[in-house]
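Colleague: heads up, no residue letters with this:
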């Protein structure tokens, strides 16, 4: 034995090959891949852009983009990583497009001061937070973009700090600081929401 | 405060510990409507059809011109020229 472990096999490899070799019009293999990844793609689109109503449209654009780029997929990384890269780039470019409209740039640290960007945790939202998933959703919605986006890229997409810094076009120290503040902010809001939820249930 | 300023403030802090990841986010997913797969399928089919139509409209004039040119050459070639040549070769 030479001591080198073989790289882990890509669990999607078979389906990806089938989808690539499928005759034109046969989308069965690709649809299996869509079913595998759609929930994750929608989650990213939903929470990076914070667009409740537009998340599925964005996810649809991402998945269509994946299909038309599939022939160019060389298999250097896993299919999941490749999809993730397309998805993140699409969401970030969508955010940039929105910059001229109502969006305040994620590079703008003073975003914390824009109260209108924060979804206030009200009694109604607390009452809605009946499940853990809803609690996380509420917390993410209430976080400012400067902290939410780096946090999601790091903890949801599991990118390294260097990759997050590169994608957002900010320094490594700034990235680490935002992630640190993001994690603290998330935990604090989550704890408050849970405590408030328990208090409401007790009444 | 700009990014450059933010960077310069933190440049000295070589070891910023961002803390433990939020475990709940690692597997976090969002419910999707059952129609999403259908919507993706229809968009792909529509774009494929548009692509085929576009390439067809670009190729058709070239194909028509080439066929027209071949017909013209065929018509201008004297009839039986090849036949006469082979006949002459046989008799000689």
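Modeller: Received, thanks. Remember, predicted model here, so these are calculated numbers, not experimental data. Residues are numbered from 1 along each chain as shown, chains lettered A, B, ... in the order given.

Colleague: What ranges does chain A have for its helices?
Modeller: Secondary structure of chain A, counting by DSSP state H: helices at A:13-21, A:28-49, A:55-69, A:79-98, A:123-128, A:132-142, A:145-151, A:161-168, A:172-202.

Colleague: if I pick residue 30, what's in contact with it?
Modeller: This is for chain A. Counting by C-beta atoms under 8 Å, 6 or more residues apart in numbering or on different chains, residue A:30 touches A:19, A:22, A:67, A:70, B:44. Bear in mind the C-beta positions are built from the backbone N, C-alpha and C, glycine included.

Colleague: Chain B is the one I meant
Modeller: Here residue B:30 is in contact with A:39, A:42, A:43, A:46, A:47, A:55, A:137 (C-beta under 8 Å, 6+ apart).

Colleague: got it, and residue A:78?
Modeller: A:10, A:12.

Colleague: change it to 6 Å
Modeller: residue A:10 (C-beta atoms under 6 Å, 6 or more residues apart in numbering or on different chains).

Colleague: can you tell me how far it sits from chain B?
Modeller: Look at residue A:78 and chain B: by C-beta to the nearest C-beta, to the nearest Å, they are 16 Å apart.

Colleague: which helices and strands does the helix ranked longest in chain B pack with?
Modeller: Longest helix in chain B by number of residues (criterion: DSSP H): helix B:36-76. In terms of contacts (3 or more C-beta pairs under 6 Å, 6 or more residues apart in numbering or on different chains; DSSP states H and E), helix B:36-76 is packed against helix A:28-49, helix A:55-69.

Colleague: what residues are up against the nearest residue to residue A:41 once chain neighbours are set aside?
Modeller: With C-beta to C-beta, 6 or more residues apart in numbering or on different chains as the criterion, residue A:41 has its nearest non-adjacent residue at 4.6 Å, and that residue is residue A:59. Contact analysis of residue A:59 by C-beta under 6 Å, 6+ apart lists A:41, A:42, A:45.

Colleague: Nearest the geometric middle of chain A, what residue?
Modeller: Centrality entry for chain A: nearest residue to the mean C-alpha point is residue A:44, 2.6 Å, by C-alpha atoms, centre = their mean.

Colleague: isn't it right next to residue A:89, touching?
Modeller: No: if you go by C-beta atoms under 6 Å, residue A:44 and residue A:89 don't touch, sitting 11.1 Å apart.

Colleague: hang on, the earlier thing: give me whichever of the helices of chain A is most buried.
Modeller: helix A:145-151 (a mean of 25; mean count of other C-beta atoms under 10 Å in any protein chain shown).

Colleague: and that helix, what's its mean pLDDT?
Modeller: Helix A:145-151 carries an average pLDDT of 92.

Colleague: Which strands or helices does that helix pack on?
Modeller: Against helix A:145-151 (3+ C-beta pairs under 6 Å, 6+ apart) you get helix A:172-202.

Colleague: low pLDDT regions in the chain?
Modeller: All of this refers to chain A. The model of chain A has pLDDT under 70 over residues A:1-8, A:100-131, A:197-203.

Colleague: Sorry, I should have been clearer: chain B.
Modeller: Looking at chain B by pLDDT under 70, you get B:1-14, B:79-92.

Colleague: please redo it, this time with the cut-off set to 90
Modeller: For chain B, the stretches with pLDDT under 90 are B:1-35, B:74-92.

Colleague: I'm done for today, thanks for sticking with me.
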